[in-house]
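[1] Take a look and give me a structure for this.
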Amino acid sequence: AGTMTGFLERRFQLRERGTDVWAEVRAGTSTFLTMAYILLVNPHILGQPNTGLAATDVVIGTACASALGSFMVGYFANLPFGLAPGLGLSAYLSFGLVKGKDLPWEGALSSAFVAGAIVFFLGVTNLADVCMRWIPITIKVATVIGMGLLLTFIGMQSIDLVVAAGDDSLVKLGPLDRVDLWISLGGLMLLATLSYHRIKGGVVVGIFAVTFVMWFLDGTWPSRIVQIPLESGPIWEQATLVRQVLSDLSLYGPGIFAFLLVGIFDVSGVMFGLAVLAGLDHEDKHGHVIVPRSRWVFISAGIATMVAACLGCSPIIVHIESAAGIKEGGRTGLTAIVVGAWFLVSLLFAPLLGSIPQEATAPVVILIGASMMGQASEIDWKQMRIAVPAFLTLSLMPFTFSIPNGIFFGLLSNAILSVTCGDICGTGPQPYDDLSNHSRNGRPITETGKSMSYGTLGGASTMGGMPRNFSTDSFVRSPTLILRSEEYTGRTMRLT
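    Take a look at the predicted model:
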């Protein structure tokens, strides 16, 4: 035991970061309990009948890819971050690509595989920073809001709270005389209450509470709880059709673009925000704010995404729920290693997790969608130069069931307004940076009359995450995958 403790001390710099093995174990367990809902929700979004993938296969893919990503970030980056599939990306894969565009699930997963390979390349070459620099911050923030609206719409549809109208109104309220609907809505109230009171693992508790009620009423108790994890077929052969995907970019290109862009948004923003929360950021000699070994976070997410696609799962990102473990004292990669270990243990319970009813997972999707609406306060809706591109971005995502549609029209309108409003000639304000101009009292983004870029002051480069004066409560109370804003005084930020 002493030898193992000594190895962990040296490898993860436990004493240097003011922690110990048991504190890291507690932190990793706390993070897992907060993000374990993905094991319950992902099979319903990615599984049958949405894509044709077996729910048990999705559970195995989710657990394996999450474990791999968490292990890599923990060991190579020595950061206390848990990685898992992004729920918004899962919804886009199922409802935006497979059901929305009638793409085969093989092509959708292959698109995710290609996006993962690109993220890996961007991480190795450090080009992720460059990719983020040219995208206006209003589009980034609006993308998060749009994903929240899309998730909410999907959650409401899954329990028939919103149904097709069959006329020009397109949608309408579903029938309200169903017991399962009110049980699901009751589950939403339970989840919101547990989240408000910061109950650790409250999302998982809420899911299982609704699950037991539905099993009791329907008599659909699972026939098996524990099973050796084996996928029903070699999914990887159908999920790596790279040549086919690249030969038809008009069909698969939008999916790759969406996976890539949203993935980079989440990984970069959440990574920096969590590092600030844990006190692991520092300045180099040039005054840049650095997250140590941050390049490995992109590399890990890229590799884990490729593995996820091969196992029938959506792209992998850094989960903001890692803040729960950081609040428990997690400061090193050992926390992430513990998260990965718990995901591997969950593999044995794939039959149980795959039998969770949709009425139990829909409230989680709606809750996450609601928590992502908080980003709307960061947009200055009185400035049409800012508001119109942001509004087109966030509204077209749920209305067209497509993330890239929203991003495309947001970027297009932003480019047009940069000309018509004088930004391109330097005669008008460029509202690209809420990270340095987001006020400390929580007011929205405002224009300052000078050119700026993402995460910087005065037009310097590069990226950003969250405010140094934020309360950690927001991370514990809101189980989201959102990108938050950050402000620094006289400093710039870059990857290493």
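
[2] drop to CA atoms for contacts and neighbour counts, all remaining ones
    Noted.

[3] Which strands or helices does the host helix or strand of residue 63 pack on?
    Using DSSP states H and E, residue 63 sits within helix 55-72. Helix 55-72 sits against helix 37-46, strand 83-85, helix 295-310, strand 316-318, helix 333-346, helix 350-354, with contacts defined as 3 or more Cα pairs under 8 Å, 6 or more residues apart in numbering; DSSP states H and E.

[4] Report the backbone C-alpha coordinates of that helix in PDB.
    In PDB, the C-alpha atoms belonging to helix 55-72 read as follows (Å, rounded to 0.1, in the frame of the first residue of the first chain):
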ATOM      1  CA  ALA A  55     -29.600   0.100 -26.200                       C
ATOM      2  CA  THR A  56     -27.100  -2.300 -24.500                       C
ATOM      3  CA  ASP A  57     -24.600  -1.600 -27.300                       C
ATOM      4  CA  VAL A  58     -24.900   2.200 -26.600                       C
ATOM      5  CA  VAL A  59     -24.400   1.700 -22.900                       C
ATOM      6  CA  ILE A  60     -21.200  -0.300 -23.600                       C
ATOM      7  CA  GLY A  61     -20.000   2.300 -26.000                       C
ATOM      8  CA  THR A  62     -20.800   5.100 -23.700                       C
ATOM      9  CA  ALA A  63     -19.000   3.500 -20.700                       C
ATOM     10  CA  CYS A  64     -15.900   2.400 -22.600                       C
ATOM     11  CA  ALA A  65     -15.400   5.700 -24.500                       C
ATOM     12  CA  SER A  66     -16.000   7.700 -21.300                       C
ATOM     13  CA  ALA A  67     -13.600   5.600 -19.400                       C
ATOM     14  CA  LEU A  68     -10.900   5.900 -22.000                       C
ATOM     15  CA  GLY A  69     -11.200   9.600 -22.300                       C
ATOM     16  CA  SER A  70     -11.200  10.100 -18.600                       C
ATOM     17  CA  PHE A  71      -8.200   7.800 -18.200                       C
ATOM     18  CA  MET A  72      -6.200   9.700 -20.800                       C
END
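
[5] just to revisit the earlier point, right, and the helices and strands packed on helix 55-72 - which one's nearest residue 130?
    Closest of the helices and strands packed on helix 55-72 to residue 130 is helix 295-310, at 13.3 Å (criterion: Cα to Cα).

[6] What average pLDDT does that closest one get?
    When pLDDT is averaged along helix 295-310, the result is 94.

[7] Can you mark which positions in the helix holding residue 63 are buried?
    Across helix 55-72, burial judged by 16 or more other Cα atoms under 10 Å covers 55-72.

[8] just stretch 171-185 next, same as before
    Buried residues in stretch 171-185, counted by 16+ other Cα under 10 Å: 174, 180, 181, 183, 184, 185.

[9] okay if I get those residues as JSON lines plus pLDDT, distance to residue 36 and secondary structure?
    Shown next, in JSON lines, are the buried residues of stretch 171-185 (pLDDT from 0 to 100; distance: Cα to Cα, whole Å; DSSP: H, G, I helix; E, B strand; the rest coil):
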{"residue": "174", "pLDDT": "93", "distance to residue 36": "30", "secondary structure": "coil"}
{"residue": "180", "pLDDT": "94", "distance to residue 36": "24", "secondary structure": "helix"}
{"residue": "181", "pLDDT": "95", "distance to residue 36": "24", "secondary structure": "helix"}
{"residue": "183", "pLDDT": "96", "distance to residue 36": "22", "secondary structure": "helix"}
{"residue": "184", "pLDDT": "95", "distance to residue 36": "19", "secondary structure": "helix"}
{"residue": "185", "pLDDT": "96", "distance to residue 36": "21", "secondary structure": "helix"}
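
[10] out of the residues you listed, who's nearest residue 248?
    Nearest to residue 248 among the buried residues of stretch 171-185, with distances taken as Cα to Cα, is residue 174, at 38.7 Å.

[11] how about JSON lines for the helices and strands packed on helix 55-72, with distance to residue 393 and mean neighbour count added?
    As requested, the helices and strands packed on helix 55-72 are exported to JSON lines (distance: least, Cα to Cα, whole Å; neighbours: other Cα atoms under 10 Å):
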{"stretch": "helix 37-46", "distance to residue 393": "23", "mean neighbour count": "26"}
{"stretch": "strand 83-85", "distance to residue 393": "23", "mean neighbour count": "31"}
{"stretch": "helix 295-310", "distance to residue 393": "25", "mean neighbour count": "28"}
{"stretch": "strand 316-318", "distance to residue 393": "21", "mean neighbour count": "32"}
{"stretch": "helix 333-346", "distance to residue 393": "34", "mean neighbour count": "26"}
{"stretch": "helix 350-354", "distance to residue 393": "34", "mean neighbour count": "24"}
